[in-house]
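Engineer: give me a model of this one.
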Amino acid sequence: MYGTPWHGDAGIAEADRAPLDGIYVLAHGHRNEIRPLSRTTASAELFARSFVPHHSTDAITFILEFFSKVTDSVPCSEFSFVPDFTAVEALLREDVGKIIAA
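Structural biologist: Coordinates of the predicted model:
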């Protein structure tokens with residue numbers, strides 16, 4: 001994945017790159033919970049959150065094929081969270097679990 005090319009000079013973002021190890025679809029919840037998504041559901045969630053040029057059949061076809069490739073190679077999950085510091089702790093625990101399993 002790549003950072004935005006419009007990172008400005010505030011020093012809070014970079015136009016850099018990093019491997020994409022996972023995608024989290026965010027949702028408000030009653031507790032912090034990470035739930036794996038199927039490829040189909042993940043593709044639909046990414047499509048719903050994208051700026052799609054609905055007037056172009058070619059563009060829609062490209063986007064659907066791209067999301068299919070992404071969800072085939074990158075694990076996707078829904079992260080339901082409560083809006084406080086425990087949400088960050090839940091994600092950090094998830095990353096530690098992945099590192100230990102590797």
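Engineer: contact partners for the residue sitting nearest the centre point of the chain?
Structural biologist: Geometric centre of the chain, nearest residue: Ile23, 2.9 Å, by C-alpha atoms, centre = their mean. Going by C-beta atoms under 8 Å, 6 or more residues apart in numbering, Ile23 touches 42, 46, 70-71, 74-77. Where C-beta positions appear, they are placed from N, C-alpha and C, glycine not excepted.
Engineer: buried subset of those residues?
Structural biologist: For the contacts of Ile23, a neighbour count by 16 or more other C-beta atoms under 10 Å gives the buried set as 42, 46, 70-71, 76-77.
Engineer: before we move on, back to that, pLDDT added to the contacts of Ile23, as JSON lines?
Structural biologist: Putting the contacts of Ile23 into JSON lines (pLDDT from 0 to 100) gives the following:
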{"residue": "Ala42", "pLDDT": "97"}
{"residue": "Leu46", "pLDDT": "95"}
{"residue": "Val70", "pLDDT": "96"}
{"residue": "Thr71", "pLDDT": "97"}
{"residue": "Val74", "pLDDT": "95"}
{"residue": "Pro75", "pLDDT": "95"}
{"residue": "Cys76", "pLDDT": "95"}
{"residue": "Ser77", "pLDDT": "94"}
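Engineer: mind putting those residues in TSV, secondary structure and distance to Asn32 included?
Structural biologist: Putting the contacts of Ile23 into TSV (DSSP: H, G, I helix; E, B strand; the rest coil; distance: C-beta to C-beta, whole Å) gives the following:
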residue	secondary structure	distance to Asn32
Ala42	helix	20
Leu46	helix	22
Val70	helix	25
Thr71	helix	23
Val74	coil	21
Pro75	coil	18
Cys76	strand	17
Ser77	strand	12
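Engineer: which one of those residues is nearest Ile60?
Structural biologist: Leu46 (13.1 Å; C-beta to C-beta).
Engineer: need the phi and psi values for the residue nearest to that closest one when sequence neighbours are not counted.
Structural biologist: Nearest non-adjacent residue to Leu46, counting by C-beta to C-beta, 6 or more residues apart in numbering: Phe67, 5.0 Å away. Per-residue torsions, Phe67: phi -60, psi -40 (degrees, to the nearest 10).
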